[in-house]
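1. Give me coordinates for this.
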Amino acid sequence: MAKKVICFGEVLFDVFPTHTKIGGAPLNVALRLSSLGIETQIISRIGSDALGAEMLNYISQNGVSTNSIQKDQIYKTGEVIVTLDQKGSASYTINYPVAWDKITCNPEDENVVKKADAFVFGTLASRDAVAKQSLFELINYSKYSVFDVNLRAPYYTKDVIDQLMLQADFIKFNDDELYEISALMNSPFHSLEQNILFIAEQTKTKHICVTKGSHGAALYYNNKMYYNSGYKINVVDTVGSGDSFLAGLLSKLLTDGNPQEAIDFACALGALVATHEGANPNLDVSEIESFQNPNLNNKI
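-> Below is the predicted model:
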């Protein structure tokens, strides 16, 4: 039976200096999961505007269910101004308030989350009280909660992060987020591994993953550590790379259950996305598997 994942949160347009792309971390995760054969659905909200209609059409055409996308009569479809530095790393100006800030909770969505194999969410969807309340209600119905930390200043607080970590079965950080949150929790440790174990103990979370940019990732899974050292690539931009990484990781963990194969596949997928423009380039599984083949001498 096919696995099903529900993602919750922002759907938006990334506005680059020269072009516009559809994105939003939970949507990027959902789109990539769909391309990997996972049944996906996203709970979000769009405006009753032209951008909203374009968004709905795009999501549907890419195999993600739009049954839980709400329409707002007051607030517009979300937009984010993206700035890239010389290395392709992105910074964001996120418009507020927009439609996805006002996601409401309804019985249909509660039932959808209850039946899913995993429920994915981040911090950004908690910046507004309406969407935050909906998220915390829906987490109660989740059998496996995946917290994609994805910090976007100034839209988070220690209190919200603490609450979401305590609710999560799986937490995904990048290394900067791990160290920032560890410091907020008064961790006495300095190494990545020590802080992973510290957060696992403090939050009673058995599954934690930390991405390290070009240096790969570390995965703590059922009391054991797994590593991938990364892949040598020419970066175009990093937008959506971490989202595809998470999708690749979850797709393998939910279906094959082999943590080492999962982190290797996820790192290859995240690296490949960074060699393309935008968050959701078309990539098939055979291309990802060919890229991660050690005989190609791509692995660091």
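
2. Give the buried residues for whichever strand or helix holds Tyr227.
-> Tyr227 belongs to strand 224-228 when assigned by DSSP states H and E. Buried residues in strand 224-228, counted by 16 or more other C-beta atoms under 10 Å: Tyr226, Tyr227, Asn228. Glycine gets a C-beta too; all of them are placed from N, C-alpha and C.

3. Please compute how far the very next helix or strand once past that strand lies from its chain's middle.
-> Sequence-wise, the next helix or strand downstream of strand 224-228 (DSSP H and E) is helix 241-255. Taking C-alpha atoms, centre = their mean, to the nearest Å, the mean C-alpha location of helix 241-255 is offset from the chain mean by 9 Å.

4. Which residue ranges of this protein form strands?
-> Secondary structure of the chain (DSSP state E): strands located at 4-8, 12-15, 20-23, 39-47, 69-72, 78-84, 90-94, 118-122, 145-148, 170-174, 207-211, 217-221, 224-228.

5. Report the angle between the fourth one and strand 78-84.
-> Think strand 39-47. 100 degrees (axes from the mean of the first three to the mean of the last three C-alpha atoms, to 10 degrees).

6. thinking again about what came up before, for Ile288, find the nearest of the strands of the chain.
-> Among the strands of the chain, the nearest to Ile288 by C-beta to C-beta is strand 224-228 (13.2 Å).

7. Quick check: which ranges of the stretch 151-300 of the chain have low pLDDT?
-> 294-300 (pLDDT under 70).

8. cutoff 80 now
-> Applying pLDDT under 80 to the stretch 151-300 of the chain flags the ranges 237-239, 277-279, 293-300.

9. now the most centrally placed residue in the chain: how far from Asn28?
-> Geometric centre of the chain, nearest residue: Asp243, 4.2 Å, by C-alpha atoms, centre = their mean. According to C-beta to C-beta, to the nearest Å, Asp243 stands 4 Å off from Asn28.

10. Between the two, which contacts overlap?
-> Common contact partners of Asp243 and Asn28 (C-beta atoms under 8 Å, 6 or more residues apart in numbering): Ala279.

11. Look at Ser191 and say how many residues are nearby.
-> For Ser191, the count of nearby residues is 9 (other C-beta atoms under 10 Å).

12. hmm, I was thinking of Asn28
-> Using other C-beta under 10 Å, the number of residues around Asn28 comes to 28.

13. Thanks a lot, catch you later.
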